[in-house]
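>>> Quick check, what structure comes out for this input:
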Amino acid sequence: MDFKEIEESAIFKNKSVLSPHYVPQELLYREEELKKMMLGVAPAFKGFKPKNILIYGKTGTGKSITTKKLLEKIESMNDNRVKGVYLNCRVYDTRYKVFQKLVSELKNEFSKTGYSFALLYETILDWIEEKDRFIIVILDEIDFVKDIDALVYSITRANDDIKKGELSMIGISNKIQFKQKLGERSKSSICEEEIVFQTYNSSQLQGILNQRVPLAFKEETITQSAVNLAAAIAARENGDARYALNLLLRSGELAERKKTSKVTDKEVEEARKMAEEDKASELISSLPTHQQLVLYALAMTSTDVSYKKLIEDNGEKYYFSGEVYDHYTRISRKFGFEPISARWYREYIHELEEMGLISSIHSGSGVRGQTTLLRLALEESKVRKIIEKSLMK
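Presented below is the predicted three-dimensional model:
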């Protein structure tokens, strides 16, 4: 087979439209937030200092896409004195990396590493002063910067060393409490304007999906019911537009694999289950080792014939917490770890239940007194597979 033999998609017209990185021509439901950002930046075009702005909001609330739309607006002004630079702080996660990338955006000859921070800092200041320029640096997921206080201090302090022009920043974070990492001077300098992005409701998510569907899907390959269902599911999941778009993408890919001609509610439901499994896998893999071992012990209890003590409640199998702990201690030693105490075990059980990974009930009188009974909220075989992969890396 060569690439020419690969069939054209019967479902998709352009998958990239469903990507979280796609910037639509018309930005829906974020006009007010964009206007506030533009008002903060506007002084730069008249030779005055733009505001430092902090943007907050949960994942999928349109923070990044609105900021990229702001960049488009800045570029459309064709003003050589005002430049916006977008940086993803998951990649540029230290002060040095941010300044090095910033310099490379301004001067191509600095594209390689190896320069001291002081030289990078002075280069940026010289570039700004040279023609009375204004730089707006956008730091997406700013809370990933390891030395965030040093970075913010350096950016705000830079204006004390500049006679002409300005360096300002727009910070984007999912966590409103990230400011606690900052010193008092940095905090007061950066918080000139704060904008909070609220979650989308079901109607807004429908609007966003309906905007993308004609661009992403071929005509009559997805039902309106499927689109509405994806919006409703995402609205229940914290109003996350990224999740809604991903549901449509996965639904289309499922329809392709099944060689069906149309995406329906069935594909959306299947895509939802896949997304939940991926989310659970990511959550479990990020747990501390002993919490993973507790989950693993509970998952393994059902396969061990020596653990026959269980209660069935509405068809669900619950296992005695004490027996799960005994199993956990043996499994911990098998993996080469010293088991935690029973008190810490109970604490971990409480935390795992809060995360929705297990559920517990009290047995009531007559079954070993007041005994706690446990069960996994996920399929046991899948939990075992995730943890075995995580612990045996």
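>>> how near is the closest residue to Lys258 other than its chain neighbours to Ser9?
In this structure, Lys258 finds its nearest non-sequential neighbour in Glu267, 7.9 Å apart by C-beta to C-beta, 6 or more residues apart in numbering. No exception for glycine: its C-beta is placed from N, CA and C like everyone else's. Glu267 is 15 Å from Ser9, where distance means C-beta to C-beta, to the nearest Å.
>>> Settle it for me: which of these two has more neighbours?
Glu267 (28 against 16; other C-beta atoms under 10 Å).
>>> neighbouring contacts of the host helix or strand of the more buried one?
Here Glu267 sits within helix 265-285, counting by DSSP states H and E. Residues from elsewhere that reach helix 265-285 (C-beta atoms under 8 Å, 6 or more residues apart in numbering): 223, 225-226, 229-230, 233, 243, 246-248, 250-252, 254-255, 258, 260, 292, 295, 355, 357, 378, 382-383, 386-387, 389-390.
>>> give me that answer again for 7 Å
225-226, 229-230, 233, 246-247, 250-251, 254-255, 292, 295, 355, 357, 378, 382-383, 386-387, 390 (C-beta atoms under 7 Å, 6 or more residues apart in numbering).
>>> And stretch 36-55, by the same measure?
Contacts of stretch 36-55 (C-beta under 7 Å, 6+ apart): 63, 70, 73-74, 77, 79, 82, 134, 136, 166, 168-172, 189-195, 197.
>>> Buried ones among the residues you listed?
Those of the contacts of stretch 36-55 that meet the buried threshold are 63, 70, 74, 82, 134, 136, 166, 168-172, 189-190, 193, 195, 197, by 16 or more other C-beta atoms under 10 Å.
>>> among those residues, which are in helices?
Residues of those located in helices (DSSP state H): 63, 70, 74, 189-190.
>>> So which residues of the stretch 1-150 of the chain form strands?
53-57, 82-88, 134-140 (DSSP state E, counting those that start in this stretch).
>>> I meant to write the stretch 251-393 of the chain there.
310-313, 316-320, 358-362, 372-376.
>>> Point out the most buried one among the ones you listed.
When you average the neighbours per residue for each of the strands of the stretch 251-393 of the chain (mean count of other C-beta atoms under 10 Å), strand 372-376 leads with a mean of 21.
>>> by how many degrees do that strand and strand 316-320 diverge?
Going by axes from the mean of the first three to the mean of the last three C-alpha atoms, to 10 degrees, strand 372-376 is angled at 130 degrees with respect to strand 316-320.
>>> where's Thr223 relative to Ala255, distance?
In terms of C-beta to C-beta, Thr223 sits 11 Å off from Ala255.
>>> for Lys181, that is, sorry about that
With C-beta to C-beta as the criterion, Lys181 and Ala255 are 45 Å apart.
>>> ok, those two, which is more surrounded?
Ala255 (26 against 17).
>>> per-residue confidence at that one?
Ala255 carries a pLDDT score of 96 in this model.
>>> ok, so of the ones in helices among the buried ones among the contacts of stretch 36-55, who is nearest Leu34?
Comparing these against Leu34 with C-beta to C-beta places Leu70 closest, at 6.4 Å.
>>> what's near enough to touch that closest one?
34, 37-38, 41.
>>> And Gly114, what's its pLDDT?
For Gly114, pLDDT reads 78.
>>> and it, how many neighbours?
Around Gly114 there are 7 residues (other C-beta under 10 Å).
>>> Check the spacing between it and Leu54 real quick.
Counting by C-beta to C-beta, the gap from Gly114 to Leu54 is 32 Å.
>>> contacting residues for the closest residue to Ser381 other than its chain neighbours?
In space, and not counting its chain neighbours, Ser381 is closest to Ala299: 7.8 Å by C-beta to C-beta, 6+ apart. Contact analysis of Ala299 by C-beta under 7 Å, 6+ apart lists 376, 380, 383-384.
>>> Please list the members of those that lie in helices.
Those of the contacts of Ala299 lying in helices (DSSP H): 380, 383-384.
>>> Which one of the residues you listed is nearest to Glu26?
Val383 (43.6 Å).
>>> residues contacting the closest one?
If you count contacts by C-beta under 7 Å, 6+ apart, then Val383 has 284, 295, 299, 376 around it.
>>> which residues in this structure form helices?
Under DSSP H, the chain gives helices at 31-41, 63-76, 95-106, 117-130, 148-158, 184-190, 202-216, 224-236, 241-258, 265-285, 289-301, 321-334, 342-354, 380-391.
>>> Just to check, Thr371 is in contact with Phe320?
Yes. Counting by C-beta atoms under 7 Å, Thr371 does reach Phe320; the two are 6.1 Å apart.
>>> How many residues are close by Lys279?
12.
>>> Also the one 10 residues further on?
One way to gauge burial is a neighbour count; for Thr289, by other C-beta under 10 Å, it gives 13.
>>> Return the per-residue confidence for it.
pLDDT, Thr289: 93.
>>> now do the one 3 residues further on
Here the pLDDT value assigned to Gln292 is 94.
>>> residues near it, how many?
With other C-beta under 10 Å as criterion, Gln292 counts 21.
>>> and if you look at the one 5 residues further on?
Applying other C-beta under 10 Å, we find 25 other residues in the vicinity of Ala297.
>>> just checking, Val23 touches Thr67?
No. The pair formed by Val23 and Thr67 falls short of the contact definition of C-beta under 7 Å, at 9.9 Å.
>>> and those two? which has more neighbours close in?
For Val23 versus Thr67, neighbours defined as other C-beta under 10 Å are more numerous around Thr67 (22 against 14).
>>> mind listing what the residue nearest to that one when sequence neighbours are not counted touches?
Excluding the flanking residues, the one nearest Thr67 by C-beta to C-beta, 6+ apart is Ile138, at 5.4 Å. Counting by C-beta under 7 Å, 6+ apart, Ile138 makes contact with 67, 84-87, 170.
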